[in-house]
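Model the structure of this input:
(one chain, ligands or ions: 1)
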Amino acid sequence: MQDAVTTIIRNYDLAGRYFDRDAVDNLKSYFASGNDRIQAATAINAEAASIVKQASLNLFDELPELIRPGGNAYTTRRYAACLRDMDYYLRYATYAIVAGNIDVLNERVLQGLRETYNSLNVPIGPTVRGIQIMKTIVKKKVEEAGINNISFVDQPFDYITQELSEKDI
Ligand SMILES: CCC1=C(C)/C(=C/C2=NC(=C\c3[nH]c(/C=C4\NC(=O)[C@H](C)[C@H]4CC)c(C)c3CCC(=O)O)/C(CCC(=O)O)=C2C)NC1=O
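Got it, this is the predicted structure:
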């Protein structure tokens with residue numbers, strides 16, 4: 001698993017080089033945003049359950065067929081699985097926010113996920129929509145927590161979206 005710092009060190013070590021200005025700028029920007037990243041993660045943690053719940057309710061409002069007979073989130077078991085997946089995305093997104101790097105998503109979340117979803121007929125489009133709704137809610141919460149620069153919040157949610165959608169036809 002990589003974070004912003006280990007990634008930079010790894011790249012420079014592979015090239016056998018000392019840090020140049022690019023590396024120093026990247027390190028500076030990571031450390032400058034460090035406190036905001038931790039505060040954002042703290043704000044998310046405190047409200048994780050309600051964020052997941054609100055995002056899923058919004059999703060089911062928008063796409064009610066998901067929870068009707070024949071829908072993939074129909075039945076208590078599948079409804080719970082859907083909320084649990086949303087919770088996974090939220091939790092791993094907070095790890096990625098703190099790490100300043102999406103590697104944890106590749107390693108722990110995305111491997112084989114599309115294949116699993118396809119084999120269980122979990123619809124990718126609505127899942128992606130759920131992740132985007134959750135992102136919007138998270139940004140609002142993080143803003144309300146008084147964090148000034150929230151530009152790093154988008155990245156993990158957009159990355160999961162992009163990776164899940166990539167090979168969709
Ligand atoms: C930490 C990394 C990780 C992820 C991401 C993960 C996802 C994941 N979601 C699953 C199922 C599922 N995922 C959903 C999700 C949904 N259905 C919908 O209609 C909605 C669009 C959506 C919610 C937004 C559902 C309903 C199932 C159960 C499908 C079934 O068993 O028929 C499964 C199959 C096994 C199981 O049911 O537990 C996995 C592996 N597991 C992991 O360990």
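
Which residues of the chain lie near the ligand?
Contacts of the chain with the ligand, taken as C-beta under 6 Å from any ligand atom, map to 66, 72-73, 78, 81-82, 85-86, 88, 108-109, 113, 116, 120, 122-123, 126-127, 130. Just so you know, the C-beta spots here come from the backbone N, C-alpha and C atoms, and that holds for glycine as well.

just checking, which of those residues belong to strands?
Among these, none falls in strands (DSSP state E).

What subset of those is buried?
Neighbour-count burial (16 or more other C-beta atoms under 10 Å) applied to the residues of the chain next to the ligand gives 66, 72-73, 78, 82, 85-86, 109, 113, 122-123, 126-127, 130.

Grab the two from those that are most spread out in space.
Comparing all pairs in those by C-beta to C-beta, the longest separation belongs to Leu66 and Val109, at 21.0 Å.

so what's Ala99 up against?
Residues near Ala99 by C-beta atoms under 8 Å, 6 or more residues apart in numbering: Met1, Gln2, Asp3, Ala4.

For the ligand, see how far away it is.
Counting by C-beta to the nearest ligand atom, to the nearest Å, the gap from Ala99 to the ligand is 16 Å.

Now do that residue against Glu107, distance only.
11 Å (C-beta to C-beta, to the nearest Å).

Could you tell me which residues touch both of those two?
When contacts are counted by C-beta under 8 Å, 6+ apart, Ala99 and Glu107 are jointly contacted by Met1.

quick one: Gln155 and Asp103 touch, right?
No: if you go by C-beta atoms under 8 Å, Gln155 and Asp103 don't touch, sitting 12.0 Å apart.

and the contacts of Ala99, which are buried?
Buried residues within the contacts of Ala99, counting neighbours by 16+ other C-beta under 10 Å: Gln2, Asp3, Ala4.

if you go through the protein in chain order, where are the helices?
Assigned by DSSP state H, the helices in the chain fall at 4-15, 21-46, 48-62, 76-99, 103-105, 113-119, 124-144, 154-165.

Redo the ones you listed as CSV? Include mean pLDDT.
Formatted as CSV, the helices of the chain follow (pLDDT from 0 to 100):
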stretch, mean pLDDT
helix 4-15, 97
helix 21-46, 97
helix 48-62, 98
helix 76-99, 98
helix 103-105, 97
helix 113-119, 96
helix 124-144, 97
helix 154-165, 97
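
one step back: any chance of the buried ones among the residues of the chain next to the ligand in a markdown table, with distance to Glu163 too?
Output for these, formatted as a markdown table (distance: C-beta to C-beta, whole Å):
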| residue | distance to Glu163 |
| --- | --- |
| Leu66 | 21 |
| Asn72 | 20 |
| Ala73 | 21 |
| Arg78 | 23 |
| Cys82 | 19 |
| Asp85 | 14 |
| Met86 | 16 |
| Val109 | 9 |
| Leu113 | 8 |
| Val122 | 15 |
| Pro123 | 16 |
| Pro126 | 16 |
| Thr127 | 12 |
| Gly130 | 15 |
